[in-house]
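S.K.: Turn this into a structure:
(chains A, B and C)
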Amino acid sequence: MMSKFLHASAPRSPGEPWNMTPEWLDTLNPAQREAVTHGDGPLLVVAGAGTGKTKTLACRVAYLVHQGVSPERIMLLTFTRRAAAEMVRRAEEMTGQNSTGCVWGGTFHAVANRLLRIYGNAMAIPGDFTVMDQSDAADLMGMIRTELGVTKSDRRFPRKETLVSIYSRTVNSQEKLDRVLMRQFPWCRDEIETIAKIFESYTRRKRDSHVFDYDDLLLVWNALCDAPGAGEAMGDRFDHVLVDEYQDTNAIQSQILLRLRRTRKNIMVVGDDAQSIYSFRAATVRNILDFPAQFPGTRMVTLEQNYRSTQPILAASNAVMDQAKERFTKNLRSDRISHQRPVLITCLDEQRQCKSVCRKILMHLEQGIPLMRQAVLFRAGHHSDQLEVELARRKIPFHKFGGLKFVEAAHVKDMLAFLRILENPFDELSWYRILLMLEGVGPKSAQRIIGELGVRRSGAPAPAGPSPLLRLFFKPPVAPPSAREQWAELRVALADCCGIDLAAPPPAENLDTAMSSRRIEPPLVSQIERLRRFYEPIFEKRYENPTIRLRDIEQLEQIASTYRSRASFVTDLTLDPPTSTSDLAGPPFLEEDWLTLSTIHSAKGCEWDVVHIIHAADGMIPSDMALSDEAGEEEERRLLYVAMTRARDWLYVYFPIRYYHRKHARGDAHSLAQLSRYLSPTVRRYFQEMPADGDVTAFVDARERGLTDVDDAVQRLWSDEISS
DNA sequence: GGCATGTGTATTTTT
DNA sequence: TACACATGCC
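M.R.: Numbering: from 1, shown residues only, chains lettered A, B, ... in the order given. Sure, this is the predicted structure:
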């Protein structure tokens, strides 16, 4: 089936003249062209914002295929799977072939997952492993934390989420724990021994459960690169490795690339140090800076011609970066002349900011710019809460990217837990989650049942004894009386999903034969439908407003209908989760035109004609959470730069002056904000300033006058006396 | 051992 | 605000 594509474009024979230059090469500027037509060996492309990075990568793929490289021998590592798909699509458009779909594209994590399933047995990696996301990791940390009884000491101990951050940071930066604690989490330093103990146990439990967390995927991939046999095989499998957003990779990722390219040196990385915004994930700009040293003979190409933004927008963005402490790439140029400067809109408060944003959006819509080409960007997921309400009220459809994912909703996780134990019966955490749903079952009963099912094994490489599922079906542990009925129902539901008839006589001798013997597993959608039938009563009892949440479950079924295999459905949901759809504006994809709301992080790599950046106040951008060190402050600056450079023609930056606090809720307790420190007077010269409504001016005046009026009035009490 | 109630606290960005 | 944790009662 693949062979059909293999020779779709015949390789040029050595002596043959280069007379079949594809016409799309002519659409590239000299620098882009140099990168695209680069021969063998390492290539570093430093590509500023909007310089045609995606185009260059897509053309490179197309070029390689045109040169006769088999698409499945190309690895394309991107930040999201969407990005990989987009590049492949564009490459196909250019070559006119649909062969490029075979390119190995996706995130480091997704590709690791695939490779581990192929080459994993070189390191005795169980074939049925499942992947856990960050909140699963936190749950496991929490479980271990309570088991070790750290809470009984009087000192406050890091929360489970904090433990996950420390763990992840340590692993990803490949630094010693004490160093990480000292530098990033100084308030946890005294607990280092307990933390180390928890981490050790955490690792063991993951192994026993056949579960990998995000970090494991990278770590194990890295180790696999060194495993005899598998390491070479993986390296040989790919003629070319292409990496996007290289400034946001971390130490392990660069090590993986080094090992993957030990013998074959064809590697191309693309990045921009001015856009590095993932240091919280231990990403380091060092990767891009040290690349030439790590890969001797690197050719370096710099892309500085910006095709996206108008000249005034670019000038303002450059001005923001001019204040940066350290900078490697030069200022960008643009030929897109415009008289429209970016607009800085001062608003009295958040409510008025919302109104102002809506007004501008509708104004551009009337001018003929559809919602699809407009976006609202913000620092943190919840920054758009109020705006979402306002948009819903005005019936402006939108879709929100970033922030809390829909798979993190408790009820979605519940449904996934069922699917996960079907996929990997040793997934202790999922069993635990399911058991706690049952009436009258708490931590103690759950642990007992997990033990009797044989879910917990320690260090056994292969399952000892029958699968926990078979024990459940044929030798079920006893549940507390209050849970009897539900327990029996659960058994039937899971058996149905496995295609096992519990009414039939149980296999006498060896339970394992029941699993391996011929049985017809119902299709994935039916399984989910069956599980939902079991789950719905629990769900209705447990959650306040089941109707909204029910939509998510339906959504889950919707997504599942596009999958044939349960395994890939479960992994994709963790590695490439869809964004939330239970928005107030209703199912946005039914509308043909919708507005994008996005965190700045999730807006990376995107562009829109009109960009609205909200909450440009100090404490929001920069987030005051990030200000503990100078590096954090610098990264926040780059974040604003990334946000601004997403705009093609119009850029609006909104600054609400007054923030209300519900905390000390009494009347209209509020505080006054300062404009983002990055919008200094120098930078503001590049903006057109515009107050949203009249009373702002008065308000600003009042603030600038401050106490002088009061003082003057008091002064008059005696100065008049004296003068008269 | 489970569950309801009460108290306190921390609050970003994502694979 | 909302969630995690502790306490005390069934």
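S.K.: List the contacts of A:Phe185.
M.R.: Shown in contact with A:Phe185 (C-beta atoms under 8 Å, 6 or more residues apart in numbering): A:Pro158, A:Thr162, A:Ser165, A:Ile166. C-beta: built from backbone N, CA, C; applies to glycine.
S.K.: Look up phi and psi at A:Arg333.
M.R.: Backbone torsions of A:Arg333, given as degrees, to the nearest 10, read phi -110, psi 150.
S.K.: what's the distance between stretch A:23-43 and the middle of its chain?
M.R.: Between the centre of stretch A:23-43 and the centre of its host chain there is 30 Å, according to C-alpha atoms, centre = their mean, to the nearest Å.
S.K.: Which parts of that stretch count as buried, going by neighbours?
M.R.: Of the residues in stretch A:23-43, those with enough neighbours to count as buried (16 or more other C-beta atoms under 10 Å) are A:Trp24, A:Leu25, A:Leu28, A:Ala31, A:Gln32, A:Arg33, A:Glu34, A:Ala35, A:Val36, A:His38, A:Pro42, A:Leu43.
S.K.: Closest one to A:Glu388 out of those residues, please.
M.R.: Lowest distance from A:Glu388 to the buried residues of stretch A:23-43 (C-beta to C-beta) belongs to A:Gln32, with 39.0 Å.
S.K.: excluding its backbone neighbours, what's nearest the closest one?
M.R.: Nearest in space to A:Gln32, with sequence neighbours left out and distances taken as C-beta to C-beta, 6 or more residues apart in numbering, is A:Thr56 at 4.9 Å.
S.K.: So that neighbour lies in a helix, does it not?
M.R.: Yes - under DSSP: H, G, I helix; E, B strand; the rest coil, A:Thr56 sits within a helix.
S.K.: For A:Thr406, give its distance to A:Leu377.
M.R.: Actually, residue A:406 is Phe rather than Thr. 21 Å (C-beta to C-beta, to the nearest Å).
S.K.: what about the two, which has more around it?
M.R.: More neighbours surround A:Leu377 than the other of A:Phe406 and A:Leu377, with 32 against 18 (other C-beta atoms under 10 Å).
S.K.: Show the contacting residues for that one.
M.R.: Under the criterion of C-beta under 8 Å, 6+ apart, the contact partners of A:Leu377 comprise A:Ser598, A:Thr599, A:Ile600, A:Ala603, A:Val611, A:His612, A:Ile613, A:Ile614, A:Ala643, A:Arg646.
S.K.: now the buried residues of stretch A:23-43 in CSV, with pLDDT and distance to DNA strand B?
M.R.: Conversion of the buried residues of stretch A:23-43 to CSV gives the following (pLDDT from 0 to 100; distance: C-beta to the nearest atom of the strand, whole Å):
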residue, pLDDT, distance to DNA strand B
A:Trp24, 84, 29
A:Leu25, 87, 32
A:Leu28, 93, 29
A:Ala31, 95, 29
A:Gln32, 96, 27
A:Arg33, 95, 31
A:Glu34, 96, 30
A:Ala35, 96, 25
A:Val36, 95, 27
A:His38, 94, 27
A:Pro42, 96, 24
A:Leu43, 97, 24
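S.K.: Near the residue nearest to A:Gln32, how many other residues are there?
M.R.: Other residues near A:Thr56 number 25, with proximity taken as other C-beta under 10 Å.
S.K.: I figured it was touching A:Val36, is that so?
M.R.: Yes - contact between A:Thr56 and A:Val36 holds when scored by C-beta atoms under 8 Å: they sit 6.1 Å apart.
S.K.: who does the longest helix seen in chain A touch, helix- and strand-wise?
M.R.: Using DSSP state H, we find that the single longest helix of chain A is helix A:524-542. Contacting helix A:524-542 under the criterion 3 or more C-beta pairs under 8 Å, 6 or more residues apart in numbering; DSSP states H and E are the following elements: helix A:410-423, helix A:428-437, helix A:484-498, helix A:546-560, helix A:566-575.
S.K.: and A:Glu390, which of these is closest to it?
M.R.: Relative to A:Glu390, the nearest member of those by C-beta to C-beta is helix A:546-560, separated by 19.1 Å.
S.K.: In the stretch 301-450 of chain A, which residue sits nearest DNA strand C?
M.R.: DNA strand C sits closest to A:Ala410 of the stretch 301-450 of chain A, with a gap of 8.3 Å, by C-beta to the nearest atom of the strand.
S.K.: In contact with the nearest residue to that residue once chain neighbours are set aside, which residues?
M.R.: What sits nearest to A:Ala410 in space, not counting adjacent residues and going by C-beta to C-beta, 6+ apart, is A:Tyr543, at 7.7 Å. Applying C-beta under 8 Å, 6+ apart, one finds that A:Tyr543 lies in contact with A:Ala410, A:His411, A:Arg549.
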